[in-house]
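Trainee: My questions concern the predicted model and sequence given below.
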Amino acid sequence: MQYVMLMGEPGHPDAEARTKESVATIEAKGIPTEELAKQTGMWDASKGKELMETWLAAHGDKIEMVLCNNDGMALGVIEALKAAGYFEGDKFMPVVGVDAIPEALELIKEGKMVGTVLNDPLNQGKATLEMAINAALGKDVLEGTSWELDETRAVRVPYVAITLDNLDVAEEAYGMK
């Protein structure tokens, strides 16, 4: 699969993890990948649009997938693709983002994005609250919880892949249902 990657802020832990893990997840499914282009979009929709326009001019139909570190950049990519005639007839380009923002969920419903990843706010809040209560009570912050600290002493709440098949999970997480 030939792809282009829009990354978030250089050096940002989420951008680094999302860049690495998205490709690793695809390859773990046995799909060989080839990176055509990778550049920072700084979490910005207009930068995403600009980069996608450039990549369409440079790579055209060689691009088989667009991976974005956040949905904001994916929204910009979709705008560039619309302007280039994608989503008309059979012309389609799979785009995936991260954050499962309401605008991305609508694009998934419309068939203009194939998916996003829920950066699970409900469980992030739960982890924060449980650990804060433990800290306030003078206990080990992880006592009685299911959370674990990683090598940087951070709690990583698992992401949830969101597609048309489970949009309700993201809608519920954001109180849209």
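Mentor: Looks like it came in fine. Residues are numbered from 1 along each chain as shown.
Trainee: phi, psi of the most centrally placed residue in the chain?
Mentor: Geometric centre of the chain, nearest residue: residue 98, 1.7 Å, by CA atoms, centre = their mean. Main-chain dihedrals, residue 98, degrees, to the nearest 10: phi -140, psi 140.
Trainee: likewise the one 3 residues further on?
Mentor: Main-chain torsions, residue 101, degrees, to the nearest 10: phi -70, psi 160.
Trainee: Tell me who's in contact with it.
Mentor: Under the criterion of CB atoms under 8 Å, 6 or more residues apart in numbering, the contact list for residue 101 reads 71-72, 116. Every C-beta, even on glycine, is put in place using the N, C-alpha and C of the backbone.
Trainee: ok so, going back, could you check how far the residue nearest to the centre of the chain is from residue 42?
Mentor: Computed with CB to CB, to the nearest Å, the distance linking residue 98 and residue 42 is 14 Å.
Trainee: what do you get for residue 102?
Mentor: Distance from residue 102 to residue 42, by CB to CB: 22 Å.
Trainee: returning to that earlier point: ok, now which ones touch the residue nearest to the centre of the chain?
Mentor: Taking CB under 8 Å, 6+ apart, we find residue 98 in contact with 18, 68-71, 116-117, 119, 159.
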